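*Asks:* Structure for this input, please:
(chains A and B)
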There are 2 protein chains.
Amino acid sequence: MRVELFFTPHHIDELYLREKTVVVIDVLRASTTIARALSNGAKEIIPVTTVESAMKIVGNLSGDVTLLGGERNGKMIEGFHLGNSPLEYTEDRVKGKSIVFSSTNGSQALAKARHAKELVVCGFVNMSAVAEFLLATGSDVTILCSGRAGNFSIEDTVCAGMLITKLSEASGKVIECGDAGSAAMTLYKNAAKSIVKMLARSQHGQYLKEIGFVDDLRVCAEVDSVPVLPQLVGNVVKLKTAEKVSVVS
Amino acid sequence: MRVELFFTPHHIDELYLREKTVVVIDVLRASTTIARALSNGAKEIIPVTTVESAMKIVGNLSGDVTLLGGERNGKMIEGFHLGNSPLEYTEDRVKGKSIVFSSTNGSQALAKARHAKELVVCGFVNMSAVAEFLLATGSDVTILCSGRAGNFSIEDTVCAGMLITKLSEASGKVIECGDAGSAAMTLYKNAAKSIVKMLARSQHGQYLKEIGFVDDLRVCAEVDSVPVLPQLVGNVVKLKTAEKVSVVS
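*Replies:* Numbering: from 1, shown residues only, chains lettered A, B, ... in the order given. Predicted coordinates for the structure are as follows:
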């Protein structure tokens, strides 16, 4: 298995990701929020890149079954039902709902990878579920960190480094992963003792504390606390279910 | 002093760098080659982004005083006098010459930063000279790693991490440097024991070994072996000299 890692999605051509097995990481907070929403019974997440697209899609759908979620600069968008705090996506708010979701970085990465053969969403909260899935497929993997406005973010990179480390340990092999992957593994090793401290020191973590979301850091740091596998199917993110076998009678 | 670090120049708008103090890093090999060429008496380096520009400029200049240097994919360009191996830029070949220089990554980074207030070129070979200059100016610093074809390169990042570490140690202060700068310092700490081993393991280092430039790695790894300060003045890179004082009589 070979792993390639990109710290941001900005300079990647979306056709480059066609037919690849792609992992999208946005630790603070889209990965975590999507995992929690689906774990709490949301039917699906419909990622869109612009607020206008979100409004347009939700305009065609009944309000009872569809919610608007997401953020710009960390804050809830006017007219939306939910922001991007994983703590908002409780069972009583999201169960059975389709959520049209637009965030500053995560939604952009998901859009970039929409032609992938397989696309799964990874955070610390569902690390082992993603690792197990990748080991089972055995394919080469492209990890796409969302970063922050086109720039490197430490939390996504450490998460990627943890994922590559887990793949390496579980397979008993050194994973060929280039300069970026090796650097991510070093950065994970350096941060492994306290993921929540690393989040608190990160630029994005500091910003989230400033705007009142300090509790989100703890939630986003809890490894394997939401053991689900969100996967893009068509244009929506759903929980990965067992493969269906078509029987022709 | 604040330091910001970019792992590649590709997504940066050149106007963003206007009026900033910029350090361009391309360890393998443009930084090292430029430092050695100037140290060995080259009059100036004229960085250009395309082979066509190089040919055009040299066409207007006398062949006795001007050389064409650079590479594409690590190899000398047809019709050029010199490649991008620092070992080629000996005193007998470059003394007194202007060198029109085009490399795959380093020249692109230099071009991106051409509107900077101050622009200096940094590798391991002239680390302390660059650090001393930056400490003397006291300005905020933007470090621009050249990377490799738009992607992260470990050797440029470790070099940036060493520079930030030196600035921090010399000033006795924690340098505010964001996620990228902190990550670079961690990666430097991890690689500090053997810079040449880090270069040998890097993707670019492995490629250079494959195409016959293994000796360049040792040269590029030698900290402070070429203690000069290459600086962009107008459109050419020259050795930084003491400030001239204008006296109006």
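*Asks:* Could you use CA atoms for every contact and neighbour count after this?
*Replies:* Will do.
*Asks:* need the helices for chain A, in chain order.
*Replies:* Secondary structure of chain A (DSSP state H): helices at A:30-39, A:51-59, A:91-94, A:106-112, A:127-137, A:154-171, A:178-191, A:195-201, A:203-210, A:214-221.
*Asks:* Give the burial count for the nearest residue to residue A:191 once chain neighbours are set aside, as a bare number.
*Replies:* Spatial nearest neighbour of residue A:191, excluding adjacent residues (C-alpha to C-alpha, 6 or more residues apart in numbering or on different chains): residue A:198 at 6.1 Å. For residue A:198, the count of nearby residues is 20 (other C-alpha atoms under 10 Å in any protein chain shown).
*Asks:* Residue A:42 now?
*Replies:* 26.
*Asks:* who's in contact with it?
*Replies:* Counting by C-alpha atoms under 8 Å, 6 or more residues apart in numbering or on different chains, residue A:42 makes contact with A:91, A:94, A:95, A:96, A:97, A:98, A:99.
*Asks:* closest to chain B among the residues you listed?
*Replies:* residue A:99 (31.1 Å; C-alpha to the nearest C-alpha).
*Asks:* partners of the closest one in the sheet?
*Replies:* When assigned by DSSP bridges, residue A:99 has beta-bridge partners residue A:45, residue A:67.
*Asks:* what does chain A have sitting close to chain B?
*Replies:* A:6, A:10-11, A:150-154, A:178-180, A:183, A:186-187, A:190, A:202-203 (C-alpha under 8 Å from any C-alpha of the partner chain).
*Asks:* ok, residue A:20 to residue A:50 distance?
*Replies:* Going from residue A:20 to residue A:50 by C-alpha to C-alpha, to the nearest Å gives 25 Å.
*Asks:* Please pull out the lowest mean pLDDT helix or strand from chain A.
*Replies:* In chain A, no helix or strand scores lower on mean pLDDT, DSSP states H and E than helix A:51-59, which sits at a mean of 87.
*Asks:* quick revisit: hang on, the residue nearest to residue A:191 packs against residue A:155?
*Replies:* Yes - counting by C-alpha atoms under 8 Å, residue A:198 touches residue A:155, with 7.2 Å between them.
*Asks:* mind showing which ranges of chain A have poor pLDDT?
*Replies:* Applying pLDDT under 70 to chain A flags residues A:62-63, A:242-249.
*Asks:* give me that answer again for 90
*Replies:* A:10-11, A:55-64, A:73-74, A:79, A:149-150, A:173-174, A:234-235, A:240-249 (pLDDT under 90).
*Asks:* residue contacts, the residue positioned nearest the centre of it?
*Replies:* In chain A, the centroid-proximal residue (C-alpha atoms, centre = their mean) is residue A:31; its distance is 2.9 Å. With contact set as C-alpha under 8 Å, 6+ apart, residue A:31 has these partners: A:24, A:25, A:106, A:121, A:122, A:123.
*Asks:* what's the answer for residue A:104, then?
*Replies:* When contacts are counted by C-alpha under 8 Å, 6+ apart, residue A:104 touches A:49, A:71, A:72, A:73, A:74, A:149.
*Asks:* Neighbours of the fourth one, how many?
*Replies:* Spelled out, that is residue A:73. Neighbour tally, residue A:73, other C-alpha under 10 Å: 13.
*Asks:* which residue sits closest to it, ignoring its sequence neighbours?
*Replies:* Excluding the flanking residues, the one nearest residue A:73 by C-alpha to C-alpha, 6+ apart is residue A:104, at 6.9 Å.
*Asks:* so how far is chain B from the one you found?
*Replies:* Residue A:104 is 17 Å from chain B, where distance means C-alpha to the nearest C-alpha, to the nearest Å.
*Asks:* Can you tell me how far that residue is from residue A:82?
*Replies:* Relative to residue A:82, residue A:104 is positioned 14 Å away (criterion: C-alpha to C-alpha).
*Asks:* Also residue A:197?
*Replies:* Separation of residue A:197 from residue A:82 (C-alpha to C-alpha): 27 Å.
*Asks:* go on, residue A:50?
*Replies:* 15 Å.
*Asks:* got it, and residue A:121?
*Replies:* For residue A:121, the distance to residue A:82 - C-alpha to C-alpha - is 20 Å.
*Asks:* just residue A:96 next, same as before
*Replies:* According to C-alpha to C-alpha, residue A:96 stands 15 Å off from residue A:82.
*Asks:* which one of these two has more residues nearby?
*Replies:* Higher neighbour count among residue A:96 and residue A:82: residue A:82, with 23 against 17, using other C-alpha under 10 Å.
*Asks:* in the sheet, who's paired with that one?
*Replies:* Bridge pairing for residue A:82 - DSSP bridges - gives residue A:69.
*Asks:* isn't it right up against residue A:76?
*Replies:* Yes - using C-alpha under 8 Å, residue A:82 is in contact with residue A:76, at 6.6 Å.
*Asks:* Return every residue with contacts to both of those two.
*Replies:* Common neighbours of residue A:82 and residue A:76 (C-alpha under 8 Å, 6+ apart) are A:69, A:70.
*Asks:* if we can go back for a sec, which non-adjacent residue is nearest the residue nearest to the centre of chain A?
*Replies:* Of all residues not flanking residue A:31 in the chain, residue A:123 sits nearest, at 5.3 Å (C-alpha to C-alpha, 6+ apart).
*Asks:* burial count for that neighbour?
*Replies:* Residue A:123: 32 neighbours (other C-alpha under 10 Å).
*Asks:* Also residue A:193?
*Replies:* Quick note: residue A:193 (other C-alpha under 10 Å) scores 10 neighbours.
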